[in-house]
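**Q** here's a sequence, model it:
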Amino acid sequence: MTRTLIASALLATLAATAHAAPATYAIEPTHTFVTFEAKHFGTSTNRGRFDKKSGSVTIDTAAKTGQVDITIEMGSINTGTEAFNNHLKSKDFFNAEAFPQATFKSSKVVFEGDKVVAVVGDLTLLGKSQTVTLKANGYGCYDNPMLKRQVCGGDFETTLQRSDFGMNYGLPFIPNDIKLVIQVEAVKQ
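**A** Next up, the predicted model:
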């Protein structure tokens with residue numbers, strides 16, 4: 001009986017240690033979208049997305065820490081209209097030739113219990129970095145029956161001022177506020 005108790009205690013300790021270890025997830029590109037919304041002269045809303053993105057997420061729910069790194073290929077912008085895509089890629093907006101990538105690197109992952117509720121980090125766009133807070137909506141994890149691995153994700157959003165990155169074209173007629181939504185699903189490695 002004593003051996004059974006010792007073995008049970010050892011297994012419980014090992015399980016707790018394994019659970020406490022950070023887990024790394026690779027961003028799954030077909031279920032991850034980086035989109036933006038901007039008012040067009042204060043009336044309708046223009047929307048677009050970036051089709052090429054990559055990155056990773058590391059989460060340690062026991063320590064309430066994490067790291068998020070996302071790279072966005074600016075030339076992959078897609079609004080559904082080629083002429084608009086080309087204008088957004090130009091020096092007037094994203095200057096994709098000179099600045100082919102934007103990045104987000106977290107400095108803090110904010111938890112409430114075991115749930116991620118926000119991610120704070122530096123967004124670098126057009127060679128300029130600004131600290132932004134991405135609010136989490138619907139963050140969660142599940143065991144993917146097809147991949148046979150855990151997948152975590154959610155929708156993360158913020159509103160930023162494009163002029164903070166030097167994107168001043170059309171101001172003040174084209175509004176400065178840009179809603180950024182990063183919908184992420186990442187697969188445990």
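
**Q** can you show me the strands along this structure?
**A** Taking DSSP state E to define them, one finds strands in the chain at 23-27, 33-39, 45-50, 53-60, 65-73, 77-78, 101-112, 115-125, 128-144, 149-161, 177-188.

**Q** point out where the protein drops to low pLDDT.
**A** For the chain, the stretches with pLDDT under 70 are 1-20.

**Q** OK, contacts around the closest residue to H40 other than its chain neighbours?
**A** Spatial nearest neighbour of H40, excluding adjacent residues (Cβ to Cβ, 6 or more residues apart in numbering): N46 at 5.0 Å. (Glycine included, C-beta is placed from N, CA and C.) Contact analysis of N46 by Cβ atoms under 8 Å, 6 or more residues apart in numbering lists E37, A38, K39, H40, T79, F84.

**Q** of the residues you listed, which is the nearest to N144?
**A** Nearest to N144 among these: E37, at 29.1 Å, using Cβ to Cβ.

**Q** so which of the contacts of N46 wins on neighbours?
**A** Sorting these by how many neighbours each has (other Cβ atoms under 10 Å) puts A38 first, at 18 neighbours.

**Q** that one against P175, yeah?
**A** Yes: applying Cβ atoms under 8 Å, one finds A38 in contact with P175, separated by 6.6 Å.

**Q** out of the contacts of N46, who's nearest N137?
**A** For those, the closest approach to N137 (Cβ to Cβ) belongs to E37, at 14.6 Å.

**Q** next one: the closest one from R47, what distance?
**A** E37 sits 5 Å away from R47, going by Cβ to Cβ, to the nearest Å.

**Q** with S106 instead?
**A** Distance of S106 to R47, given as Cβ to Cβ: 25 Å.

**Q** so between those two, which is more surrounded?
**A** Neighbours were counted for S106 and for R47 using other Cβ under 10 Å; S106 has more, 19 against 13.

**Q** in the sheet, who's paired with the closest residue to the more buried one other than its chain neighbours?
**A** Distances taken as Cβ to Cβ, 6+ apart put G121 closest to S106, at 3.6 Å, once the chain neighbours are dropped. For G121, the beta-bridge partners under DSSP bridges are S106, V132.

**Q** ok, G121 - contacts?
**A** V68, F104, K105, S106, S107, K108, T131, V132, L134.

**Q** could I get the residues you listed as TSV with distance to M146?
**A** As requested, the contacts of G121 are exported to TSV (distance: Cβ to Cβ, whole Å):
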residue	distance to M146
V68	24
F104	28
K105	30
S106	28
S107	34
K108	33
T131	37
V132	33
L134	28
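
**Q** which of the residues you listed lies closest to Q161?
**A** Within these, proximity to Q161 (Cβ to Cβ) peaks at V132, which comes in at 10.3 Å.
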